[in-house]
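In: Structural data only, the sequence is not supplied:
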């Protein structure tokens, strides 16, 4: 059996390394998007991100709103904040005794980039819906203008009678 030269072994090693890296990157990207959906699949965590999208908030402020809306305990809210923080969706900084949370956009941008591959499924439908809504609005406006401009027929009773 012929032996492979060191050059061909090196070439095979480089190629295998390339395949490993690209496969790993694809898997990481896929896992990152799926992971984001796992984290964001919870309505409480989505609501927390909505609150933080308006700007930095203290843990206490977030807890008050979420407890009121979802009727969950303070430790449960803290756990949701921890999941968001540990998975990179929020950043926290100390200000005295308070903990201020803010959104970290990077994981959301990665998820948005992953979703880009699928936008062609819904974008035309949303564009068609926008066109139909505009058409209906225009037709209602024209109908209202015609009704205002139409003179009363002589045999009908008008509002002035």
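Out: That came through, no problem. From a predicted model like this one, the values you see are computed outputs, not experimental measurements. Numbers count the residues shown, from 1 in each chain.
In: Tally up the residues packed near the nearest residue in space to residue 40 that is not next to it in sequence, please.
Out: In space, and not counting its chain neighbours, residue 40 is closest to residue 46: 5.7 Å by C-beta to C-beta, 6 or more residues apart in numbering. Yep, even glycine has a C-beta here, placed from its N, CA and C like the rest. Neighbours of residue 46 under the rule other C-beta atoms under 10 Å: 14.
In: now do residue 77
Out: 21.
In: Please report the distance of the residue nearest to residue 40 from residue 142.
Out: 41 Å (C-beta to C-beta, to the nearest Å).
In: Thought residue 39 was touching the residue nearest to residue 40, still the case?
Out: No - if you go by C-beta atoms under 8 Å, residue 46 and residue 39 don't touch, sitting 9.5 Å apart.
In: Excluding chain neighbours, what is closest to residue 94?
Out: Residue 94 sits nearest to residue 100 (C-beta to C-beta, 6+ apart), 7.7 Å away.
In: contacting residues around the one you found?
Out: 56, 57, 58, 59, 92, 93, 94 (C-beta atoms under 8 Å, 6 or more residues apart in numbering).
In: Which two of those have the greatest separation?
Out: Largest separation among the contacts of residue 100 by C-beta to C-beta: 57 and 94, giving 14.2 Å.
In: quick one: which of the two has more around it?
Out: residue 57 (18 against 8).
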